[in-house]
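In: Predicted structure and sequence below. I'll ask about it afterward.
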Amino acid sequence: MNGGNMARPEFTIEYTAERNRVTTLFRLILAIPHLIIENIGSQLAQVLGFFQWWVILFTGGRNEQLWKLQNVWLGYAARVFSYQSLMFDKWPNIGVGPNGEPTSYSFQYEKSARRLSNFFRLIWVIPAAIVAIFVMIMAVVVTLLSWLIILFTGKHPRGLFDAVLKVHRYMVHLNSYVLLMTDDYPKYGS
């Protein structure tokens, strides 16, 4: 919990300097099955967000079952995008939770929701989405640089890892806000 007692997702990845050059070379190909499943899950999470919007509007609270389904997707998506962006080498588990991936994801359900924030969510998220565009561009550049460095040295520089981890945390928080899972506004770097 943070700022005003609002729930927000927590996501971290254990840093490992030594990296597998072969799986790094073919990472985009290896990630394809996960990206397909994640995309389907993303569409479902968005539909659930639409229903959640109505639930919050009429009841002033989140539906826990809708939230839990979205939360499963959010945790999986965080692992998939982390794998794709070279944050770890172990092929992610297809399913609800990690199976040995060096990630940690937690998010506590909070029933209460602000109706006004919910009603105008797609407008209020615009500044955070603009920030997301810039940080994602930075993350792509840093990931490409990491890819080259890992291929040549077999090591992932800590500074590049930390920069992309910060982007992943922001995107998890942004997604949870867009999907009405929290009223805590996403801030880059927090």
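Out: Thanks, I have the structure now. Residues are numbered from 1 along each chain as shown.
In: and the residue nearest the centre of the chain, how far is that from Leu25?
Out: Residue closest to the mean C-alpha point of the chain, counted by C-alpha atoms, centre = their mean, is Val172 at 3.0 Å. Distance, Val172 to Leu25, by C-beta to C-beta, to the nearest Å: 27 Å. From N, CA and C alone the C-beta is placed, and that goes for glycine too.
In: Likewise for Thr16?
Out: For Thr16 relative to Leu25 (C-beta to C-beta), the value is 17 Å.
In: what residues does the helix or strand where Ile123 lies touch?
Out: Ile123 belongs to helix 121-124 when assigned by DSSP states H and E. Residues from elsewhere that reach helix 121-124 (C-beta atoms under 8 Å, 6 or more residues apart in numbering): Trp53, Ser117, Tyr177, Val178, Leu180, Tyr185.
In: which SS class is the closest residue to the third one other than its chain neighbours?
Out: The spatially closest residue to Tyr177, leaving aside those adjacent along the chain, is Pro186, at 5.2 Å (C-beta to C-beta, 6 or more residues apart in numbering). Classification of Pro186 into helix, strand or coil gives coil, according to DSSP: H, G, I helix; E, B strand; the rest coil.
In: Contact partners for Pro186?
Out: Ala128, Tyr170, His173, Leu174, Ser176, Tyr177.
In: Which members of those residues are positioned in helices?
Out: Ala128, Tyr170, His173, Leu174, Ser176, Tyr177 (DSSP state H).
In: Contacts only, for Thr143.
Out: Ser85, Leu86, Val164.
In: Which strand or helix spans it?
Out: Going by DSSP H and E, Thr143 is part of helix 126-153.
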